[in-house]
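K.L.:
Predicted model and sequence below, questions to follow.
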Amino acid sequence: MSVIAGVLLSLLVIALLGILIGVLIVRAVYRSIRRSRTINGAVLRTRTAFTWGPQQQVLRLRMRLNDSLESGRAAVELTLRSDGLRGELVRLFKRIQAEGSTLESQLRLLQSETDTAALTAELPVVRGRVEQVEGLVRRLRSAVSSGLGAPSDDALDALRADVDREVAAIHAGIQELHTLNSFDGRPEPRRQTTNRLYGGNES
């Protein structure tokens, strides 16, 4: 029995180590992806700052699209970590992401366009598509905000009143402590003798 127990314990330890390693790998990959997105966003902003003409407008549209998708991704991730109502938000955002990826490819292709006239003619079309994606992400973020809930004005007013009450109580306690300390430091008053009280002289 002891041998079997030892084998089972070893298998359990190996399984736990495997789970731990898997979690660490997933977290490392997730951090790498987030870092890559941050770097890509910074590179895109730098390229936009040093580009002129219609190509700069294309880069600005790419930047707007990237920022919009990032804000939507952050909202969905917040929903997954909270107890808010998820509904179909994750599935809808995946569809928005798919459309955004297609639009990103179109913008990349348009960025390589050498015909200025053709590029200028296509800009209003792709700008409208980027604005549509931005509108969808705003609606999704609004749904996430509604699902998470928000503090009401009455709740904030009640909380402010409670804080004011506690602060006033603390100040009153401190003042009372100072008063007691000042009494403790005073010398005890001298007692008058009976003869002095009745106008007599002490012998």
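P.N.:
Sure, I can see it. Quick caveat, the model's predicted, so the values are computed rather than measured.
K.L.:
got any ranges where this protein has weak pLDDT?
P.N.:
Applying pLDDT under 70 to the chain picks out residues 1, 3, 7, 23, 26-41, 43-44, 48-52, 82-87, 147-153, 183-203.
K.L.:
one more time with 90
P.N.:
Counting by pLDDT under 90, the chain shows low-confidence ranges at 1-60, 75-92, 108, 110-122, 140-203.
K.L.:
Now the closest residue in space to residue 104 that isn't next to it in sequence: which helix or strand?
P.N.:
Nearest non-adjacent residue to residue 104, counting by CB to CB, 6 or more residues apart in numbering: residue 65, 6.2 Å away. Where you see a C-beta, it was placed from the backbone N, CA and C, and this is true even at glycine. Here residue 65 sits within helix 54-81, counting by DSSP states H and E.
K.L.:
and if you look at residue 136?
P.N.:
helix 116-148.
K.L.:
what is the orientation angle of that helix with helix 54-81?
P.N.:
Here helix 116-148 points in a direction 20 degrees away from that of helix 54-81 (axes from the mean of the first three to the mean of the last three CA atoms, to 10 degrees).
K.L.:
which secondary structure elements does helix 116-148 contact?
P.N.:
Contact analysis of helix 116-148 by 3 or more CB pairs under 8 Å, 6 or more residues apart in numbering; DSSP states H and E lists helix 54-81, helix 89-111 as its packing neighbours.
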